[in-house]
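In: predicted model follows, preceded by the sequence.
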Amino acid sequence: MTSTTTDTGTDGRITVRISDPGELIAAVPHLLTYRPGPSVVLLNHGGRESPITPVIRADLPDSTCEPDAARDLVRAVLRHPGAGVTVVIIGRRPGHRAPPGRIPHHGLARRLMSAFGDAGRPVDHALWVPEIRGGARWRCYHEVCLRGVLPDDRETVLAATMATTGHVTYGSRGEVARLLDPDDPAAITRRQRMLDAAIDNWPTRPNFAATDSPDEPKQAAAGSSAPEWFGVTEVADRTAVGGAAPGGFGEVASGGLAAAGSSAVDSHVEAERAAEDRAAPDWFGEAQSAEHLAVVRAALARAVAGDFDLSDEDVVSLAMALSDLTVRDRCLTTADPPGEPPATAAERLWLELVRRTPMPERAESAVLLGYSAYRRGDGVLAALAFDNALAAHPGHRLAELLRICLSHQLPPETLRRLSDCQEGGLMPT
């Protein structure tokens with residue numbers, strides 16, 4: 001029996017149906033965008049013909065922390081509607097020794113199965129694998145213990161589908177993080193001097209640290225032990241695990257994410273945005289903002305045409321333009337529709353600026369990068385980008401807000417109201 005099949009809908013959405021647990025384990029690196037090390041990964045099944053969302057990953061906890069870790073993970077999943085859960089535990093925590101005859105981290109798996117069962121969301125499969133590589137043997141924590149051998153995750157139907165749609169699966173989270181590394185320290189220093197001169201020569205000198213709280217500096221969330229969240233993308237060429245199929249295990253499908261944000265969260269978003277507006281005086285007049293918009297529009301037009309060659313002058317002028325919060329906020333609109341070619345080009349431009357712009361101005365392009373990644377469901381890149389923004393500009397209000405939303409697994413579609421309230425018209429027509 002074929003364990004994996006694909007369909008392409010009339011709207012171009014690709015569906016990959018999986019009927020084997022080993023194939024699903026092999027799909028995890030593609031769903032997370034990188035190959036995880038020792039981890040616990042949770043896949044929330046939405047039901048028949050519904051995408052699974054979200055996918056949550058966390059480091060394996062110490063045995064003394066297992067009760068708290070299990071509670072937090074279950075709460076994270078239960079924020080979303082669903083019919084069942086798959087638990088995948090990869091490897092073992094350093095120093096962990098499984099009792100004779102037991103699969104590693106059996107206690108954690110049992111805690112998760114019990115907690116989900118009590119909440120009315122059963123664990124369909126609880127699986128363990130020493131690592132995700134072709135030929136690794138996986139086992140099941142359930143009483144009737146299934147077992148099998150992983151296929152090569154680089155040669156599955158899902159891997160081929162992801163490759164044909166232009167998506168990259170990285171070797172580790174560190175490899176993803178290195179995408180944001182500065183391109184050339186000497187060039188960064190040179191551009192910093194140029195930015196300082198431009199700011200000094202500005203008629204009304206703007207305070208680019210207006211959103212800081214100098215009396216209470218805040219640190220970036222890098223290295224946080226909170227679970228990572230990986231949402232489902234909403235565009236046709238991106239795949240994510242779907243709901244159970246008749247006679248099979250599940251399906252991997254490009255699909256939408258239900259807008260599950262509460263009115264309380266929406267009110268919090270509005271309150272934070274209003275606070276930012278009050279904290280940041282309008283240092284730029286209409287004429288200056290119009291000039292900044294022209295700079296951004298020109299850069300976006302080049303990006304859509306595939307031109308990401310930025311001179312020092314380009315980087316400085318864009319950094320100045322994005323420090324105009326009116327302009328930066330309008331740039332949020334470039335993330336829609338998520339994953340479409342114009343939004344992809346804009347996201348690539350923000351990434352290039354993150355790599356080329358000095359601190360603290362780098363924070364604005366980093367938060368735009370994170371917002372775009374968040375909107376298309378890439379929680380890994382979004383978290384790294386928000387942390388990058390906070391490292392460049394501690395206390396950055398929008399980065400803090402979006403990082404909180406991400407850590408609470410707020411669905412990407414809910415964040416759309418941040419861009420819906422902005423005037424668009426930045427992308428070339």
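Out: Yep, it's here. Here the structure is a predicted model, which means the values were calculated and not measured. Numbers count the residues shown, from 1 in each chain.
In: the residue nearest to Pro337 when sequence neighbours are not counted and Glu352, how far apart?
Out: In space, and not counting its chain neighbours, Pro337 is closest to Ala343: 6.4 Å by Cβ to Cβ, 6 or more residues apart in numbering. Any C-beta I mention is one placed from the backbone N, CA and C, and that applies to glycine too. According to Cβ to Cβ, to the nearest Å, Ala343 and Glu352 sit 15 Å apart.
In: what about Leu318, which helix or strand?
Out: For Leu318, the host element (DSSP states H and E) is helix 312-322.
In: please name every helix or strand in contact with that helix.
Out: helix 185-200, helix 286-304, helix 325-331, helix 341-356, helix 362-375 (3 or more Cβ pairs under 8 Å, 6 or more residues apart in numbering; DSSP states H and E).
In: can you tell me which of these is nearest to Asp68?
Out: Nearest of the helices and strands packed on helix 312-322 to Asp68, taken as Cβ to Cβ: helix 362-375 at 26.3 Å.
In: contacts for stretch 96-110 next, please.
Out: Identification of contacts with stretch 96-110 by Cβ atoms under 8 Å, 6 or more residues apart in numbering yields 40, 60-61, 63, 66, 69-70, 87, 89, 91-93, 126, 128, 139, 141.
In: what's the closest of those to Arg302?
Out: When the contacts of stretch 96-110 are compared against Arg302 (criterion: Cβ to Cβ), the nearest one is Val40, at 43.2 Å.
In: and the residue nearest in space to the middle of the chain, how close does it get to Gln422?
Out: The chain has Gly379 as the residue nearest its centroid, 1.3 Å off, counting by Cα atoms, centre = their mean. Distance, Gly379 to Gln422, using Cβ to Cβ: 23 Å.
In: for Tyr371, same thing?
Out: 11 Å.
In: overlap in contacts, those two.
Out: What both Tyr371 and Gln422 touch, as defined by Cβ under 8 Å, 6+ apart, is the set Leu332.
In: who's more crowded, those two?
Out: Tyr371 (26 against 16; other Cβ atoms under 10 Å).
In: I figured the more buried one hits Leu415, correct?
Out: Yes: counting by Cβ atoms under 8 Å, Leu415 is a contact partner of Tyr371 at 7.3 Å.
In: need the overlap of contacts for the two.
Out: Going by Cβ under 8 Å, 6+ apart, residues that sit against Tyr371 and also against Leu415 are Leu402.
In: now find how far off-centre the helix or strand harbouring Val40 is within its chain.
Out: For Val40, the element it lies in under DSSP H and E is strand 39-45. Counting by Cα atoms, centre = their mean, to the nearest Å, strand 39-45 is centred 15 Å from the centre of its parent chain.
In: show me what it is packed against.
Out: Judged by 3+ Cβ pairs under 8 Å, 6+ apart, the packing partners of strand 39-45 are helix 21-32, strand 55-59, helix 66-78, strand 84-90, helix 106-118.
In: and Arg133, how far is that from Ala98?
Out: 20 Å.
In: then His396?
Out: In terms of Cβ to Cβ, His396 sits 44 Å off from Ala98.
In: those two: which has the busier surroundings?
Out: His396 (26 against 13).
In: low-confidence ranges, the stretch 101-250 of the chain, go.
Out: 202-250 (pLDDT under 70).
In: kindly report the same for the stretch 251-400 of the chain.
Out: 251-283.
In: kindly recompute the last result at 50.
Out: For the stretch 251-400 of the chain, the stretches with pLDDT under 50 are 251-265, 267-268, 272, 275-281.
In: circling back: give me the mean pLDDT for the strand holding Val40.
Out: Strand 39-45 shows an average pLDDT of 91 in the prediction.
In: okay, now the sheet partners of that strand, with direction.
Out: strand 55-59 (antiparallel), strand 84-90 (antiparallel) (DSSP bridges).
In: what mean pLDDT does the longest one have?
Out: So that's strand 84-90. 94.
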